[in-house]
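[1] Here is a sequence with its predicted model. Questions after.
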Amino acid sequence: MERRGQAGFPPAEREIVRPKNLHPWAIALGLGALALLLGAERFHTYWEPQQPVITTEALIGHGLWQGRWLYSDLWDFHPPAFAFSYALAEALGGYGPYSIFLLNLGLAGGLLIALGLAGWAYGGLGAGCVAAGLWTLVSGDPGLWANQPFAETFANLFLAWAFFWLLRAKKTPEDWKPRGWAGFFLAVASLYKVSVLGLAPLWALALWGASGEKKARRDRKGSFWLLALPAALWFLIFIYFASTGRGGEFTSDVFVYPIFQLAQSNAGAAFYTPALGLVVPLGLAAFLGACLAFQAQARSWLLLGAYGVWVLMETSCASFSPPSYQCWLPPLVAGAAWGLWELGRWIETFNRRLVWAPAFLILAFAFCREWPLYQKWAADWSRIKAGEAAVESYNLARNLQDVLKPKETFYEWGDETQLYYLTQREAPSGVLACDPLIRGPLAETLSARVAEDLRRHPPDLFLFNRVESRRAAASNPVLAQVASNYRLLTRIPPVGGILFFARKGSDLEKRFERRP
């Protein structure tokens, strides 16, 4: 442990045990070993049936390479960086699971480095190693849906780097570059989740709250970068979409529809999820560390506290859905590493041999929690997240390959976008899910768009999800086309509540008519 004059730890009363200096190659080898372990963890679920959010973005990214336009053709309610990241992954790894694996690996590795540095910026090598070790063990927890590249995962990466640069800024008080980098990474994170913009004023307030009179002017300048760079980036984004004639679609898809979703979110959603089994012990370690060291390290803890306020707001607005708990991982890992380092310093005043006992206990707890999950098959991880839904979609995709000829197409009324992804058949419309066609401010416009797409490119097969249809109006133009132009294939039994309709006069209908 390093020696620092700090409240509760009078340096004159005890001898500080200093770790031996480590060669940079030893640190690099340690990080390399953790990176290999992360790779093995992600590879374990390489063949996991993906959730619809993942396959939808993969399909949109694939459509971008085909020259289709985001928002005006390919509908998505996420900011643009999400789809373009999947397009980039496809360029590197092809159209398939390998590109998703590359995203998983890159995101996990980038967060490993960022959180290790965040720990190091607070407590030196010891805190950095604890943060890196904790992240390696808990970063793929299926209770948080954390082993797949969701929008939350991308936002976590850039927020973790912004957080590190804010911590780094106190080391160089006259240098604007750390604060500039923090603003830049915060701006990039907002291109995956717009709600990230709410963290900028919280971090700005934390900087002001931790400043003395002499530092107030400098930290106001730092706050300027946190607020100005995201605003400037979004101004350019608006200018780009407006200049390409897609300003209206961009605004309605990325802002209007998510606001509607937020208003319709279940205010009574259960706060408890399996993720709390991980959140509580790490949060307790961070709380104890803050109690021990807040007076001496107010700036760092205020920044972490502001981060925690934002993630609590994020999960509550998302009705405490499991993926939203991913946003808790970076601040929890960093805070737990800091807290364990402070607990070790406090224990050192009684028994220096037990300095690393708190860190060992938490690391052992994390290992014992996560290790049994890696004894399960990849399909079981999908069942832990969302039951049998994704597994059934994968089985249905195999059956579709037997039903359809190579050039025949289909459209699915539902959200099982895995069917397009696995069969690698192009969807006849850029609106891939039926939920925005059923409810919300865009339902009429998007339904008309899909109906026109199906009229111009009529699919041979229409898959009708009866569960989703319960909320649809009978006058929906898409369903009206099905009623007039398609016939139910009674020879194919419903699969997971999905009915099969063949286009009248198509070769598909004729093949099934000839069957005995």
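    Nice, thanks for sending it over. Residues are numbered from 1 along each chain as shown.
[2] hey, where'd the strands end up in the stretch 351-500 of the chain?
    410-413, 461-465, 486-488, 498-503 (DSSP state E, counting those that start in this stretch).
[3] Just say which of these is most tucked in.
    strand 410-413 (a mean of 25; mean count of other C-beta atoms under 10 Å). To be clear about C-beta, it is placed using only N, CA and C from the backbone, and glycine gets the same treatment.
[4] follow-up on the earlier one: mean pLDDT and distance to Ala231 added to the strands of the stretch 351-500 of the chain, as a markdown table?
    Listed next are the strands of the stretch 351-500 of the chain as a markdown table, based on pLDDT from 0 to 100; distance: least, C-beta to C-beta, whole Å:
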| stretch | mean pLDDT | distance to Ala231 |
| --- | --- | --- |
| strand 410-413 | 94 | 40 |
| strand 461-465 | 92 | 41 |
| strand 486-488 | 92 | 49 |
| strand 498-503 | 92 | 45 |
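[5] would you turn the ones you listed into a markdown table with distance to Ala366?
    Shown next, in a markdown table, are the strands of the stretch 351-500 of the chain (distance: least, C-beta to C-beta, whole Å):
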| stretch | distance to Ala366 |
| --- | --- |
| strand 410-413 | 39 |
| strand 461-465 | 39 |
| strand 486-488 | 52 |
| strand 498-503 | 40 |
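[6] what about these, which gets the closest to Leu361?
    strand 461-465 (47.8 Å; C-beta to C-beta).
[7] Quick one: low-confidence residue ranges for the chain.
    Along the chain, the model assigns pLDDT under 70 to residues 1-24, 170-175, 210-222, 265-275, 467-474, 514-516.
[8] One more pass at 50, please.
    1-20, 267-268 (pLDDT under 50).
[9] From the centroid of it, which residue is nearest?
    Glu152 (2.2 Å; C-alpha atoms, centre = their mean).
[10] Now do the contacts for that residue.
    Counting by C-beta atoms under 8 Å, 6 or more residues apart in numbering, Glu152 touches Lys193, Pro323, Ser324, Gln326, Cys327.
[11] Am I right that it is in a helix?
    Yes: counting by DSSP: H, G, I helix; E, B strand; the rest coil, Glu152 is found in a helix.
[12] Distance check, Ala359 against Ala334.
    14 Å (C-beta to C-beta, to the nearest Å).
[13] These two - which one has more neighbours?
    Counted by other C-beta atoms under 10 Å, Ala359 and Ala334 do not tie: Ala334 has more neighbours, with 33 against 23.
[14] Could you measure from the closest residue in space to the more buried one that isn't next to it in sequence over to Cys368?
    Distances taken as C-beta to C-beta, 6 or more residues apart in numbering put Ala118 closest to Ala334, at 4.6 Å, once the chain neighbours are dropped. For Ala118, the distance to Cys368 equals 25 Å [C-beta to C-beta].
[15] what's the answer for Ala389, then?
    29 Å.
[16] Show me which of those two is the more surrounded one.
    Each of Ala389 and Cys368 has its neighbours counted (other C-beta under 10 Å); Ala389 has more, 17 against 10.
[17] next structured bit after the host helix or strand of Leu88?
    In the assignment (DSSP states H and E), Leu88 maps to helix 80-93. Helices and strands here follow DSSP H and E; after helix 80-93, the next one along the chain is helix 97-138.
[18] Can you give the distance of that following helix from its chain's centre?
    15 Å (C-alpha atoms, centre = their mean, to the nearest Å).
[19] Stretch 307-321 now?
    Using C-alpha atoms, centre = their mean, the offset of stretch 307-321 from its chain centre is 13 Å.
[20] Show me which positions of that stretch end up buried.
    Buried residues in stretch 307-321, counting neighbours by 16 or more other C-beta atoms under 10 Å, are found at Tyr307, Gly308, Val309, Trp310, Val311, Glu314, Thr315, Cys317, Ala318, Ser319, Phe320.
[21] Sketch out the helices for the stretch 301-450 of the chain, chain order is fine.
    329-348, 357-370, 378-386, 389-403, 418-423, 435-438, 443-456 (DSSP state H, counting those that start in this stretch).
[22] and the last one, which residues are buried?
    Counting neighbours by 16+ other C-beta under 10 Å, one finds that the buried residues in helix 443-456 are Ala443, Leu446, Ser447, Arg449, Val450, Ala451, Asp453, Leu454.
[23] and what of the second one?
    Residues Pro358, Ala359, Ile362, Leu363, Phe365, Ala366, Arg369, Glu370 are the ones in helix 357-370 that count as buried (16+ other C-beta under 10 Å).
[24] Same list (the residues you listed) but as TSV, adding distance to Pro281.
    Formatted as TSV, those follow (distance: C-beta to C-beta, whole Å):
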residue	distance to Pro281
Pro358	11
Ala359	12
Ile362	7
Leu363	11
Phe365	6
Ala366	8
Arg369	9
Glu370	13
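[25] wait, which of these is closest to Gln148?
    Glu370 (15.7 Å).
[26] Please report how far that closest one lies from Thr136.
    Glu370 is 10 Å from Thr136, by C-beta to C-beta.
[27] CA atoms only for stretch 493-506, dumped as PDB, please.
    Written as PDB, here are the backbone C-alpha positions of stretch 493-506 (Å, rounded to 0.1, in the frame of the first residue of the first chain):
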ATOM      1  CA  PRO A 493     -48.700 -26.600 -37.200                       C
ATOM      2  CA  PRO A 494     -48.100 -23.400 -35.200                       C
ATOM      3  CA  VAL A 495     -44.600 -23.100 -33.800                       C
ATOM      4  CA  GLY A 496     -44.400 -21.000 -30.600                       C
ATOM      5  CA  GLY A 497     -47.700 -19.300 -31.500                       C
ATOM      6  CA  ILE A 498     -46.600 -18.400 -35.000                       C
ATOM      7  CA  LEU A 499     -48.900 -19.200 -38.000                       C
ATOM      8  CA  PHE A 500     -47.700 -19.700 -41.500                       C
ATOM      9  CA  PHE A 501     -49.400 -17.900 -44.400                       C
ATOM     10  CA  ALA A 502     -48.400 -18.400 -48.000                       C
ATOM     11  CA  ARG A 503     -48.900 -15.800 -50.700                       C
ATOM     12  CA  LYS A 504     -51.800 -16.800 -53.000                       C
ATOM     13  CA  GLY A 505     -50.600 -18.000 -56.300                       C
ATOM     14  CA  SER A 506     -47.000 -18.500 -55.200                       C
END
